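> after the sequence you'll find the predicted model.
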Amino acid sequence: MSTLVIIRGNSGSGKTSLAEAMQHHYDRKTLVVSQDNVRRTMLKEKVEPGNLSIGLTETIARFGYAEDLLVIVEGFYEADIYGEMLAQLRQLFAPRVYAYYYDIPFEETVKRHATRSKRADFTPDDMKRWWKEKDYLGWAEEVLLSAELSLEATVQLICQAIEHS
(Lines give C-alpha, C1' and ligand atoms only; values in the text may rest on other atoms or scores of the structure.)
Protein backbone atom coordinates (compact mmCIF):
# COMPACT_ATOMS: atom_id res chain seq x y z
CA MET A 1 0.00 0.00 0.00
CA SER A 2 1.35 3.45 -0.91
CA THR A 3 2.75 5.34 2.05
CA LEU A 4 3.76 8.98 2.41
CA VAL A 5 6.46 10.17 4.80
CA ILE A 6 6.95 13.93 4.98
CA ILE A 7 10.19 15.17 6.57
CA ARG A 8 10.40 18.92 7.11
CA GLY A 9 12.54 21.38 9.04
CA ASN A 10 14.95 24.24 8.68
CA SER A 11 18.11 24.09 6.58
CA GLY A 12 20.77 21.84 8.09
CA SER A 13 18.42 20.07 10.49
CA GLY A 14 18.98 16.55 9.13
CA LYS A 15 16.12 16.01 6.68
CA THR A 16 18.21 14.70 3.79
CA SER A 17 20.24 12.39 6.04
CA LEU A 18 17.03 10.97 7.48
CA ALA A 19 15.44 10.48 4.05
CA GLU A 20 18.57 8.73 2.77
CA ALA A 21 18.67 6.48 5.84
CA MET A 22 15.00 5.61 5.36
CA GLN A 23 15.60 4.75 1.72
CA HIS A 24 18.61 2.64 2.68
CA HIS A 25 16.47 0.79 5.23
CA TYR A 26 13.58 0.07 2.83
CA ASP A 27 15.69 -0.13 -0.36
CA ARG A 28 13.59 -0.80 -3.47
CA LYS A 29 10.03 0.45 -3.79
CA THR A 30 11.09 3.71 -2.12
CA LEU A 31 10.95 7.12 -3.80
CA VAL A 32 12.70 10.11 -2.23
CA VAL A 33 11.45 13.48 -3.45
CA SER A 34 13.99 16.05 -2.29
CA GLN A 35 13.02 19.70 -2.37
CA ASP A 36 16.64 20.66 -3.06
CA ASN A 37 16.77 18.41 -6.11
CA VAL A 38 13.41 19.44 -7.50
CA ARG A 39 13.51 23.17 -6.75
CA ARG A 40 17.20 24.02 -6.95
CA THR A 41 18.74 21.42 -9.27
CA MET A 42 15.96 20.49 -11.68
CA LEU A 43 14.17 23.83 -11.96
CA LYS A 44 16.44 26.57 -10.53
CA GLU A 45 13.35 28.01 -8.81
CA LYS A 46 13.09 30.49 -5.96
CA VAL A 47 11.12 29.85 -2.80
CA GLU A 48 7.99 31.84 -3.57
CA PRO A 49 4.27 31.16 -3.92
CA GLY A 50 3.40 29.45 -7.19
CA ASN A 51 6.93 28.30 -7.99
CA LEU A 52 7.12 25.38 -10.42
CA SER A 53 8.62 22.98 -7.88
CA ILE A 54 5.29 22.81 -6.04
CA GLY A 55 3.51 21.15 -8.95
CA LEU A 56 6.47 18.96 -9.92
CA THR A 57 6.87 17.69 -6.35
CA GLU A 58 3.19 16.76 -6.27
CA THR A 59 3.41 15.07 -9.68
CA ILE A 60 6.40 12.97 -8.64
CA ALA A 61 4.72 11.97 -5.38
CA ARG A 62 1.54 11.04 -7.26
CA PHE A 63 3.64 8.78 -9.48
CA GLY A 64 4.91 7.06 -6.35
CA TYR A 65 1.34 6.64 -5.14
CA ALA A 66 0.28 5.07 -8.46
CA GLU A 67 3.25 2.69 -8.32
CA ASP A 68 2.51 1.67 -4.70
CA LEU A 69 5.78 3.05 -3.34
CA LEU A 70 6.96 4.38 -0.02
CA VAL A 71 7.21 8.07 -0.94
CA ILE A 72 9.49 10.23 1.21
CA VAL A 73 9.02 13.95 0.58
CA GLU A 74 11.83 15.83 2.29
CA GLY A 75 12.73 19.49 2.44
CA PHE A 76 12.15 22.81 4.13
CA TYR A 77 8.66 22.96 2.54
CA GLU A 78 7.53 26.16 4.23
CA ALA A 79 3.92 25.72 5.35
CA ASP A 80 2.73 29.01 3.85
CA ILE A 81 4.08 28.15 0.38
CA TYR A 82 3.92 24.34 0.19
CA GLY A 83 1.17 23.59 2.73
CA GLU A 84 -1.66 23.27 0.23
CA MET A 85 0.32 20.83 -1.94
CA LEU A 86 1.28 18.77 1.11
CA ALA A 87 -2.38 18.72 2.22
CA GLN A 88 -3.40 17.38 -1.20
CA LEU A 89 -0.81 14.61 -0.90
CA ARG A 90 -2.03 13.92 2.63
CA GLN A 91 -5.55 13.43 1.31
CA LEU A 92 -4.35 11.19 -1.53
CA PHE A 93 -2.23 8.88 0.64
CA ALA A 94 -4.57 8.80 3.67
CA PRO A 95 -4.54 7.03 6.02
CA ARG A 96 -0.88 6.05 5.40
CA VAL A 97 0.61 9.49 6.05
CA TYR A 98 3.46 10.18 8.47
CA ALA A 99 4.65 13.76 8.92
CA TYR A 100 7.77 14.78 10.83
CA TYR A 101 9.20 18.19 11.62
CA TYR A 102 12.71 18.78 12.97
CA ASP A 103 11.96 21.17 15.82
CA ILE A 104 15.51 21.89 16.87
CA PRO A 105 17.39 25.05 17.90
CA PHE A 106 19.20 27.14 15.33
CA GLU A 107 22.57 26.46 16.97
CA GLU A 108 22.04 22.71 16.54
CA THR A 109 21.27 23.09 12.82
CA VAL A 110 24.54 25.01 12.39
CA LYS A 111 26.46 22.22 14.16
CA ARG A 112 24.78 19.55 12.02
CA HIS A 113 25.38 21.50 8.82
CA ALA A 114 29.11 21.78 9.64
CA THR A 115 29.40 17.96 9.47
CA ARG A 116 27.90 17.67 5.96
CA SER A 117 29.72 17.32 2.67
CA LYS A 118 27.51 20.19 1.40
CA ARG A 119 28.62 22.56 4.18
CA ALA A 120 30.19 24.96 1.65
CA ASP A 121 26.86 25.35 -0.19
CA PHE A 122 25.58 27.89 2.36
CA THR A 123 26.75 29.65 5.50
CA PRO A 124 25.29 30.00 9.00
CA ASP A 125 24.35 33.57 8.01
CA ASP A 126 22.34 32.18 5.10
CA MET A 127 20.71 29.69 7.46
CA LYS A 128 19.77 32.50 9.86
CA ARG A 129 18.17 34.51 7.00
CA TRP A 130 16.10 31.50 5.93
CA TRP A 131 15.17 30.43 9.48
CA LYS A 132 11.47 29.88 10.24
CA GLU A 133 10.67 29.16 13.87
CA LYS A 134 8.14 26.37 14.51
CA ASP A 135 6.81 26.19 10.94
CA TYR A 136 4.33 23.44 11.78
CA LEU A 137 1.63 22.11 9.47
CA GLY A 138 -0.75 21.75 12.40
CA TRP A 139 -1.78 18.20 11.53
CA ALA A 140 -2.65 15.67 14.22
CA GLU A 141 -0.15 13.21 12.73
CA GLU A 142 2.74 15.71 12.62
CA VAL A 143 5.47 14.46 14.98
CA LEU A 144 8.06 16.90 16.27
CA LEU A 145 11.62 15.58 16.24
CA SER A 146 13.95 16.93 18.93
CA ALA A 147 17.70 17.43 18.81
CA GLU A 148 18.13 14.64 21.37
CA LEU A 149 16.97 11.95 18.92
CA SER A 150 19.84 10.36 17.01
CA LEU A 151 19.50 9.60 13.32
CA GLU A 152 19.28 5.88 14.10
CA ALA A 153 16.59 6.41 16.74
CA THR A 154 14.58 8.59 14.36
CA VAL A 155 14.75 5.97 11.60
CA GLN A 156 13.59 3.35 14.09
CA LEU A 157 10.73 5.60 15.27
CA ILE A 158 9.44 6.13 11.74
CA CYS A 159 9.88 2.49 10.68
CA GLN A 160 7.91 1.34 13.73
CA ALA A 161 5.11 3.77 12.90
CA ILE A 162 4.97 2.55 9.30
CA GLU A 163 5.18 -1.14 10.11
CA HIS A 164 2.67 -1.11 12.97
CA SER A 165 -0.17 0.69 11.27
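Perfect, I can see it now.

> where does residue 6 land in three-state SS?
strand (DSSP: H, G, I helix; E, B strand; the rest coil).

> not counting sequence-adjacent ones, nearest residue to it?
residue 99 (4.3 Å; Cβ to Cβ, 6 or more residues apart in numbering). C-beta here means a position set from N, CA and C on the backbone, and glycine is covered the same way.

> now residue 68
Spatial nearest neighbour of residue 68, excluding adjacent residues (Cβ to Cβ, 6+ apart): residue 2 at 5.2 Å.

> equivalent analysis for residue 45, please.
Nearest residue to residue 45, sequence neighbours excluded (Cβ to Cβ, 6+ apart): residue 51, at 4.3 Å.

> returning to that earlier point: is it correct that the residue nearest to residue 6 is in contact with residue 143?
Yes. Using Cβ atoms under 8 Å, residue 99 is in contact with residue 143, at 6.9 Å.

> tell me which element the residue located most distally from the centre of the chain falls in.
For the chain, the largest distance from the centre (Cα atoms, centre = their mean) belongs to residue 125, which lies 22.0 Å off. Per DSSP states H and E: residue 125 is located in helix 124-130.

> what of residue 100?
Going by DSSP H and E, residue 100 is part of strand 97-102.

> now the next helix or strand after that strand and strand 97-102, what's the angle there?
On the C-terminal side of strand 97-102, the closest following helix or strand by DSSP H and E is helix 106-114. Using axes from the mean of the first three to the mean of the last three Cα atoms, to 10 degrees, the inter-axis angle of helix 106-114 relative to strand 97-102 is 100 degrees.

> just the mean pLDDT for helix 106-114, thanks.
Across helix 106-114, pLDDT averages out at 84.

> thinking again about what came up before, got the contact list for the residue nearest to residue 45?
Shown in contact with residue 51 (Cβ atoms under 8 Å, 6 or more residues apart in numbering): 39, 43, 45, 81.

> if we can go back for a sec, do you know how far the residue farthest from the centre of the chain is from residue 81?
Per Cβ to Cβ, to the nearest Å, residue 125 is found 22 Å from residue 81.

> per-residue pLDDT, the residue farthest from the centre of the chain?
87.

> could you pull up phi and psi at the residue nearest to residue 45?
Dihedral pair for residue 51: phi -60, psi 150, per degrees, to the nearest 10.

> related to what we said a few turns ago, what's the helix holding residue 125 in contact with?
The contact list for helix 124-130 (Cβ under 8 Å, 6+ apart) reads 10-12, 76, 106, 109-110, 113.

> that's all I had, so thanks and see you.
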